[in-house]
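Visitor: structure of the sequence below:
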Amino acid sequence: MVATRLMKSLSLPPTTTTILQEIASNHHNGLAKVVLKKGKTQLFRDGSPMVYSRAVDRIIGRPPPKTGDVVMVADGTEKPIGWGLYNSVSMFCVRLMQLEEEATRDPSCAFNMEKLLETRIDVAIELRRNLGLPSTSTNAYRLVNSEGDRLSGLIIDVFGDLAVIASSAAWVEKYKPQVEACISRIDEINHINWRQSVEMLKEEGLDLTDSKGMHLPTLQKRIKVIENGISYAISPDGQKTGFYADQRENRNFISTISEGQRVLDMCCYSGGFALNAVCGGAVNVTGVDTSMPALELANENIVLNNLDPGKISFLRRDATEFMKDAIARNESWDMVILDPPKLAPRRKVLQNASGMYRNLNSLAMQLTRRGGLLMTCSCSGAMTQSGMFLRILQGAASMAGRKITLLREAGAACDHPIDPSYPEGAYLSNMLFRVL
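Guide: Next comes the predicted model:
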């Protein structure tokens, strides 16, 4: 009997210590462990960075972790799957930063946010260099795209020598000096503008209602950048980070199909599509937006590019009112571009937003001459991820008494990478139709 037990014990595989367990054992403060529920592990092993509270079975550690603390994330047997940053308030209680197999390949970053930030930002810089950014014709681009660059909650856009850092996670606020230090080391960056997503940070447990969100109050009111050879004046305190670099490739495409066309650019902001159309040979371009600051930028861009003001103009009008009035006057354009603001910021308003998208696109289709082109967009992640956008556009065509054919479907530019394990990172839909 004793011999049998001895043989069984000898045949058992040796207990192995993972690299994260080994490093954690030497951590001077000790590390809390977030243990996942049975059946919830694979999603995060596959790389999804957002560990939601309902996936957590228990938290081991005394005292319990505080928001911003580094924690181990483990499966139901308490075997580590990775480590991340804890949040005691958010519905996402951990943002995973490194998986066990990644730590095995590169243990220098394990539980070390400063080193991880440096490594991930260096990788992001190298990726953009490989994509040809920046270049002599383009110096406005996205350097870090949150989950797509494995830094959930952090976005960095570069505009010439200015880096605009958009923070939407408590950990980003905690590690602000380290983030800034990494960006300051980039040769072409001379200025940093720190912008806080106040509403999102509120959900993370940070009340920033009194914060200005500006790192350098002495920034110029206008910054000049170049994109695909076209110059733009941008405002550091404008919408989002100041400029929509995500539409760069779609704007450039418009320039290739605009020769000889009459073009209407609805919700034009600072005129990106309109400028590309006229530079591509359009005979007449009209841009419409409700924002006076945006239209001031758009008109400055006409001057910056030495364009003929007889060929391109911008109007301050409500989009729906303008299109209804134009339909009443039997006006039409060879090409219509519709890029409205985010109408569905959350899934719960998707139904209402669907009606708004349908109505706006129905009007836009009625303004597109038969046989002409409509480029229509949605920057609402909830809409893009729902897969409903094309069906809504079919409904809009039916309302307008038109027939549409899909010619091109695109998303954000290549400097906005998406992690397949986090499809929620896809937010921009851009579709080109022939309208009959």
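Visitor: hey, let's count contacts and neighbours off CA atoms from now on
Guide: Will do.
Visitor: and the gap between His74 and Leu20?
Guide: Not His; residue 74 is Ala. Ala74 sits 10 Å away from Leu20, taking C-alpha to C-alpha, to the nearest Å as the criterion.
Visitor: can you list residues touching both of the two?
Guide: Pro80, Gly82 (C-alpha atoms under 8 Å, 6 or more residues apart in numbering).
Visitor: partners of the lengthiest strand in the chain, with directions?
Guide: When secondary structure is assigned using DSSP state E, the longest strand within the chain turns out to be strand 368-378. Using DSSP bridges, strand 368-378 pairs in its sheet with strand 333-338 (parallel), strand 429-435 (antiparallel).
Visitor: got a list of what the residue positioned nearest the centre of the chain touches?
Guide: Among the residues of the chain, the one closest to the centroid is Asn145, at 5.9 Å (C-alpha atoms, centre = their mean). For Asn145, the residues meeting the contact criterion (C-alpha under 8 Å, 6+ apart) are Leu151, Leu154, Ile155, Ile156, Asp415, His416, Pro417.
Visitor: got a pLDDT number for it?
Guide: As summarised for this prediction, Asn145 has a pLDDT of 98.
Visitor: how far away is it from Asn305?
Guide: Relative to Asn305, Asn145 is positioned 29 Å away (criterion: C-alpha to C-alpha).
Visitor: please apply the same query to Gly372.
Guide: Between Gly372 and Asn305 the distance, using C-alpha to C-alpha, works out to 27 Å.
Visitor: these two - which one has more neighbours?
Guide: Set Gly372 next to Asn305 and count neighbours by other C-alpha atoms under 10 Å: Gly372 wins out with 19 against 14.
Visitor: name all residues that make contact with that one.
Guide: Gly372 makes contacts with Trp333, Asp334, Met335, Arg434, Val435, Leu436, as judged by C-alpha under 8 Å, 6+ apart.
Visitor: would you map the helices across the stretch 1-150 of the chain?
Guide: Under the criterion DSSP state H, counting those that start in this stretch, the stretch 1-150 of the chain contains helices at 2-11, 19-25, 41-45, 100-105, 113-130.
Visitor: and Leu393, which of the ones you listed is closest to it?
Guide: Each of the helices of the stretch 1-150 of the chain was checked against Leu393 via C-alpha to C-alpha, and the shortest separation belongs to helix 41-45, namely 32.8 Å.
Visitor: in this structure Arg402 contacts Gly395, no?
Guide: No: counting by C-alpha atoms under 8 Å, Arg402 sits too far from Gly395 to count as a contact (10.0 Å).
Visitor: just list the residues touching Pro345, thanks.
Guide: Ser380, Gly381, Ala382.
Visitor: if you set the cut-off to 6 Å instead, what comes out?
Guide: Counting by C-alpha atoms under 6 Å, 6 or more residues apart in numbering, Pro345 makes contact with Ser380.
Visitor: tell me which of the contacts of Asn145 is nearest to Gly229?
Guide: Asp415 (17.6 Å).
Visitor: so that closest one belongs to a strand, correct?
Guide: No: under DSSP: H, G, I helix; E, B strand; the rest coil, Asp415 sits outside any strand and is assigned coil.
Visitor: need the contact list for it.
Guide: Residues in contact with Asp415 (C-alpha under 6 Å, 6+ apart) are Arg142.
Visitor: do you know how far it is from Ser88?
Guide: In terms of C-alpha to C-alpha, Asp415 sits 32 Å off from Ser88.
Visitor: do the same with Asn112
Guide: In this structure, Asn112 and Ser88 are 20 Å apart, going by C-alpha to C-alpha.
Visitor: quick check: closest non-adjacent residue to Asn299.
Guide: The spatial neighbour of Asn299 that comes closest, neighbours along the chain excluded (C-alpha to C-alpha, 6 or more residues apart in numbering), is Phe314 at 7.1 Å.
Visitor: so that neighbour bridges to which residues?
Guide: If you apply DSSP bridges, the partners that Phe314 bridges to are Gly287.
Visitor: is it true that it touches Gly287?
Guide: Yes: counting by C-alpha atoms under 6 Å, Gly287 is a contact partner of Phe314 at 4.5 Å.
Visitor: now for Asn306, how many residues are close by?
Guide: By the measure other C-alpha under 10 Å, the count of residues near Asn306 is 10.
Visitor: over to it. Which of the three states is it?
Guide: On the basis of three-state DSSP, Asn306 is classed as coil.
Visitor: so what's it up against?
Guide: Contact analysis of Asn306 by C-alpha under 6 Å, 6+ apart lists nothing.
Visitor: may I have the phi/psi pair for it?
Guide: The phi/psi pair for Asn306 (degrees, to the nearest 10) reads phi 50, psi 40.
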